[in-house]
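# All I have is the shape, not the residue letters:
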């Protein structure tokens, strides 16, 4: 087609559908122009080479086609972006429980101490998340969702890859541990902007009646990113001798992060700013033209929504706790208390992630049909009921791989997943567009150090206190799930009364 146009040939349209599909194909090839439901125009070399007005007979088909094509593109790009940000973030968590205590903290001379320090390096990163949430959330509300995504995701990819070139502490000394921690802080600072931005690129680009489902799609990035990171670290574990793996094999997935990041940024360039943000900006510009001042960003959000923020942080508690129990802490428990080999822990996480994908979509569907709050509460109560039994199943399995997988899939991939699928749309619905990026980023990241980052350390202390008995960890997670369910109901009650 390109060659025909360059040689001066005319384009012939045979049907109503071709009126739309042919110019869209030309635009995809790099020609300039525009396609709308009303018509199409394509320009090459300053001359119009295609012009058509869509008749009423085919307009409905074209509108539906454009919507479906746009929604599909939004879902694909936000899913890939989410997968890469989770890949970078969770790769560190996997390595903290299986690699870093030997590479960077072995100088302590005590295995338990080294593991706790490794987990603390994981947890300390959560301190940077709230600062990143405030910084990028403010920029996202003032300058747009898209530009914020570029900066925050690139920061994550670069810091993750730098970790992959750090020498072991045995040869480089304590200085390398400081650099490791700085990279973790940079990674989590960047993540303060990536999660909220990815969610809003999906949530704000679709109609109201589709938002709960489409906002769940970026959440699938967690199992995909985690599964990918587990595969890329499991393959070297399986193929390389242990000494070679701990020398350079573990570095491969960290170095791959920057490549994946650049691919996502290239894709993200094809997306437009969200519809909600453009409408909010037009409204603000109109008010400014009339001499009215309308504040946006972090400070107005905190002043206007502080009660919503507190209750939102309460709903975040169950999310951070169950993820870090069933996916981060459980790996070291399986190795140190059940005697399972390292490779089996990677198999467990990969299978759990596979199950999590369809159940995340199911959770989004439930939220669309039942409502965000009802879906969240059902998930929280299910998690509370199953927490102690699933942990006991894992404990009594005595390291049996199949039984351990069943316990983790029930606790993390199924019960808790209703919560994971709905939190993005639940929180987004409680904030106006002008402060939404700051709002959901605050709720997700500000309490993270306490409700998520400290969980592996708390569980390590509880399991040592119980001498391997998981009952204390189970009680801890059950109480957290019930508190979060109460917070979700309180949020809904306030919203129904019209309170912020």
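Right, received. Where do you want to start? Computed from a predicted structure; not experimentally measured.
# Where do the helices of the stretch 101-250 of the chain begin and end?
For the stretch 101-250 of the chain, the helices defined by DSSP state H, counting those that start in this stretch occupy 111-143, 145-163, 169-172, 174-203, 211-216, 221-239, 242-244.
# go on, the stretch 401-500 of the chain?
Under DSSP H, counting those that start in this stretch, the stretch 401-500 of the chain gives helices at 401-408, 417-428, 433-445, 448, 455-465, 471-496.
# between these, which gets the lowest average pLDDT?
Among the helices of the stretch 401-500 of the chain, helix 448 carries the lowest mean pLDDT, a mean of 85.
# What ranges in the protein fall below the confidence cut-off?
The chain contains residues with pLDDT under 70 at 1-69, 268-272, 288-289, 291-295.
# please redo it, this time with the cut-off set to 80
For the chain, applying pLDDT under 80 flags the ranges 1-73, 97-98, 107-112, 126, 266-275, 281, 283-297, 500.
# Relative to residue 75, which of the helices of the stretch 401-500 of the chain is closest?
Closest of the helices of the stretch 401-500 of the chain to residue 75 is helix 417-428, at 13.4 Å (criterion: CB to CB). Where C-beta positions appear, they are placed from N, C-alpha and C, glycine not excepted.
# Compute the inter-axis angle for that closest one and helix 471-496.
30 degrees (axes from the mean of the first three to the mean of the last three CA atoms, to 10 degrees).
# What is the three-state secondary structure of residue 273?
When classified by DSSP: H, G, I helix; E, B strand; the rest coil, residue 273 comes out as coil.
# Distance check, it against residue 218.
Relative to residue 218, residue 273 is positioned 17 Å away (CB to CB, to the nearest Å).
# follow-up on the earlier one: so can I have a markdown table of the helices of the stretch 401-500 of the chain showing distance to residue 352?
Listed next are those as a markdown table, based on distance: least, CB to CB, whole Å:
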| stretch | distance to residue 352 |
| --- | --- |
| helix 401-408 | 5 |
| helix 417-428 | 10 |
| helix 433-445 | 22 |
| helix 448 | 21 |
| helix 455-465 | 17 |
| helix 471-496 | 16 |
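# Can you list the neighbours in contact with stretch 252-267?
Contact with stretch 252-267 is made by 77, 80-81, 84, 87-88, 91, 95, 150, 153-154, 156-158, 160-161, 163-165, 229, 232-233, 236, as judged by CB atoms under 8 Å, 6 or more residues apart in numbering.
# Of all the residues in it, which ones are buried?
Within stretch 252-267, the residues scored as buried using 16 or more other CB atoms under 10 Å are 253, 254, 255, 256, 257, 258, 260, 261, 264, 265, 267.
# Tell me which two of the residues you listed sit farthest apart.
254 and 267 (21.7 Å).
# Surely residue 460 and residue 114 touch.
No. Counting by CB atoms under 8 Å, residue 460 does not reach residue 114; the two are 11.8 Å apart.
# What are the boundaries of the helices in the stretch 251-400 of the chain?
Using DSSP H, counting those that start in this stretch, the helices found in the stretch 251-400 of the chain span residues 251-268, 275-289, 298-323, 330-336, 342-370, 372-396.
# elements contacting the longest one?
Which is helix 342-370. The contact analysis (3 or more CB pairs under 8 Å, 6 or more residues apart in numbering; DSSP states H and E) places helix 342-370 against helix 56-98, helix 211-216, helix 221-239, helix 330-336, helix 372-396, helix 401-408, helix 417-428.
# same thing with the third one?
Helices and strands touching helix 298-323, by 3+ CB pairs under 8 Å, 6+ apart, are helix 111-143, helix 372-396, helix 417-428, helix 433-445, helix 471-496.
# CSV for these, including distance to residue 342 and mean neighbour count?
Below are the helices and strands packed on helix 298-323 laid out as CSV (distance: least, CB to CB, whole Å; neighbours: other CB atoms under 10 Å):
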stretch, distance to residue 342, mean neighbour count
helix 111-143, 13, 22
helix 372-396, 17, 22
helix 417-428, 26, 28
helix 433-445, 31, 28
helix 471-496, 22, 19
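# want to throw these into CSV with distance to residue 338?
Listed next are the helices and strands packed on helix 298-323 as CSV, based on distance: least, CB to CB, whole Å:
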stretch, distance to residue 338
helix 111-143, 15
helix 372-396, 8
helix 417-428, 24
helix 433-445, 32
helix 471-496, 14
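# so which of the ones you listed comes closest to residue 224?
Nearest to residue 224 among the helices and strands packed on helix 298-323 is helix 417-428; the distance by CB to CB comes to 13.2 Å.
# any idea of the angle the closest one forms with helix 298-323?
Using the same axes, to 10 degrees, helix 417-428 lies at 180 degrees relative to helix 298-323.
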